[in-house]
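Asks: Structural data only, the sequence is not supplied:
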């Protein structure tokens, strides 16, 4: 019994820095990603120009990992998108920023592998659960600088299509 009492604090300390200790969830504002007309083989990621994590809890600078859960709603009149990879970036270095006035920036998908944080199933007009994780997301939340992007893997979009992330909850861990 004494051994157990001695090992418990050691186990707790050993778990620090491994992402095992929850910090406390916090809400983030809803995010809308405006999508250009595109098909699944266009070869780019369309990033929102809105910093999605600017309102992150200031304590996040010390996290080891974070998971973001949200409802993903794809809205369209004629688009057929059914699947997309989700990405996050902390800046737009190396991207085509000429479309920024339209609410999105385009980056070549070939260079975005390390920024991928989820694969989403899309169904027009029906919210789908989205879980976002990964090293790029951890960095974005820690620095409170993160822009979400989407690249289609199945289907196509038409001008005016959007992906809206609502009920966005960040779950950081120490």
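Replies: Here it is on my side, so go on. Since the model is a prediction, treat every value here as computed from it, not as a measurement.
Asks: can you confirm residue 137 is in a strand?
Replies: No. With DSSP: H, G, I helix; E, B strand; the rest coil as the criterion, residue 137 is assigned helix and is not in a strand.
Asks: How much space separates it from residue 143?
Replies: When distance is defined by CB to CB, to the nearest Å, residue 137 is 11 Å away from residue 143. Quick note: C-beta positions are derived from backbone N, CA and C, even for glycine.
Asks: And the two? Which one has more around it.
Replies: Between residue 137 and residue 143, counted using other CB atoms under 10 Å, residue 137 has the larger neighbour count: 25 against 14.
Asks: Now the closest residue to the more buried one other than its chain neighbours: which helix or strand?
Replies: Spatial nearest neighbour of residue 137, chain neighbours left out: residue 117 (4.8 Å); criterion: CB to CB, 6 or more residues apart in numbering. Assigned by DSSP states H and E, residue 117 belongs to strand 116-121.
Asks: OK, contacts around residue 60?
Replies: 23, 66, 141, 142, 144, 170, 172 (CB atoms under 8 Å, 6 or more residues apart in numbering).
Asks: how close does it get to residue 109?
Replies: With CB to CB as the criterion, residue 60 and residue 109 are 28 Å apart.
Asks: re the thing from before, the residue nearest to residue 137 against residue 133, yeah?
Replies: Yes. Counting by CB atoms under 8 Å, residue 117 touches residue 133, with 6.2 Å between them.
Asks: Those two: which is more packed in?
Replies: residue 117 (23 against 15).
Asks: Would you report the backbone torsion angles of residue 113?
Replies: phi -50, psi -50 (degrees, to the nearest 10).
Asks: For the chain, which helix or strand comes out least confident on mean pLDDT?
Replies: Ranked by mean pLDDT, DSSP states H and E, the weakest helix or strand in the chain is helix 2-15, scoring a mean of 43.
Asks: Show me what secondary structure element comes after that helix.
Replies: Counting by DSSP H and E, what follows helix 2-15 is strand 26-28.
Asks: Adjacent strands (with direction) for that following strand?
Replies: Strand 26-28 has the following sheet partners, assigned by DSSP bridges: strand 162-173 (antiparallel).
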